[in-house]
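Enquirer: Return a 3D structure for these sequence lines:
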Amino acid sequence: MGKEDMLVTKQCMYCNGTGVRMVETSSLFGLIRKQVPLSCEMCSGSGETFFTPTCKYCNGQGLIGNEREICRTCNGVGHWDAFAYIPRELLRAGTLFDRRCDQCDHNRMEIASPIEEFKQVLSWESEEELRSVEICERVKVRCPSCEHSYHIKLDAESHGELTPETVSALEKLGINLGYLYQAK
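Expert: Reported below is the predicted structural model:
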């Protein structure tokens, strides 16, 4: 999945991809029955439904590691949330986005640092030269209400440009894109 495909589309299971459902109506006290075609209310007549992709760091589990800690990339939900759809040029200090704080249950988070590179150790060998490491990018986010903060590792597939079709689909899914309209 590339940056141009930031949503998973599937055929609507209610209308089988046609966009039309047949509804039976009756009149004259149930004596006359006929089927009327109506636009499918589940897919709005498009024949496709949209889903956010699963998080590749926790494989949709929401928890990572042996200690089963909350995955900070998806905030424990198992799929992309509003943070994954913030375009890369808006990943700067002061940008507000919707995400629940696990300390105070406030529903707004703020990016507190610019994008920074860090070294992530993938294997712990006794000799430091034998350890495998990866250079990754991350940003620090904080809750404006309780000042709780943590780092989020950036996913290379997310944070792309949003097309008008993607914005429309995300709004139908209930993902708040208010960060697009914040003053710079």
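Enquirer: Find the nearest non-adjacent residue to E137, please.
Expert: L154 (4.4 Å; C-beta to C-beta, 6 or more residues apart in numbering). (C-beta placed from N, C-alpha, C; glycine too.)
Enquirer: CA atoms only for stretch 151-165, dumped as PDB, please.
Expert: The C-alpha trace of stretch 151-165 is given here as PDB (Å, rounded to 0.1, in the frame of the first residue of the first chain):
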ATOM      1  CA  HIS A 151       7.100   9.500  21.100                       C
ATOM      2  CA  ILE A 152       5.300   8.100  18.100                       C
ATOM      3  CA  LYS A 153       7.300   6.200  15.500                       C
ATOM      4  CA  LEU A 154       6.400   7.400  12.000                       C
ATOM      5  CA  ASP A 155       5.100   4.800   9.500                       C
ATOM      6  CA  ALA A 156       6.600   5.300   6.000                       C
ATOM      7  CA  GLU A 157       3.200   4.400   4.400                       C
ATOM      8  CA  SER A 158       1.200   7.000   6.200                       C
ATOM      9  CA  HIS A 159       1.400  10.800   6.300                       C
ATOM     10  CA  GLY A 160       0.900  11.300   2.500                       C
ATOM     11  CA  GLU A 161      -1.000  13.800   0.600                       C
ATOM     12  CA  LEU A 162      -4.800  13.600   1.000                       C
ATOM     13  CA  THR A 163      -6.900  13.600  -2.100                       C
ATOM     14  CA  PRO A 164     -10.500  15.000  -2.000                       C
ATOM     15  CA  GLU A 165     -11.800  11.500  -2.300                       C
END
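Enquirer: Now do it: distance to the chain's middle.
Expert: 9 Å (C-alpha atoms, centre = their mean, to the nearest Å).
Enquirer: One more: stretch 67-79?
Expert: Worked out by C-alpha atoms, centre = their mean, stretch 67-79 lies 12 Å from the chain centre.
Enquirer: Ends of that stretch, what's the gap?
Expert: End-to-end span of stretch 67-79 (C-alpha to C-alpha, to the nearest Å): 20 Å.
Enquirer: Give me the buried positions along that stretch.
Expert: 70-78 (16 or more other C-beta atoms under 10 Å).
Enquirer: and the two most separated of these?
Expert: Farthest apart among the buried residues of stretch 67-79 by C-beta to C-beta are R72 and G78. That separation is 12.8 Å.
Enquirer: residues contacting the residue nearest to E137?
Expert: Counting by C-beta atoms under 8 Å, 6 or more residues apart in numbering, L154 makes contact with 91, 115, 136-139.
Enquirer: Could you identify the most distant pair in those?
Expert: Pairwise distances across the contacts of L154 (C-beta to C-beta) peak at 14.1 Å, for the pair L91 and C136.
Enquirer: Between those two, which is the more surrounded one?
Expert: Using other C-beta atoms under 10 Å as the criterion, L91 and C136 rank with L91 on top: 20 against 14.
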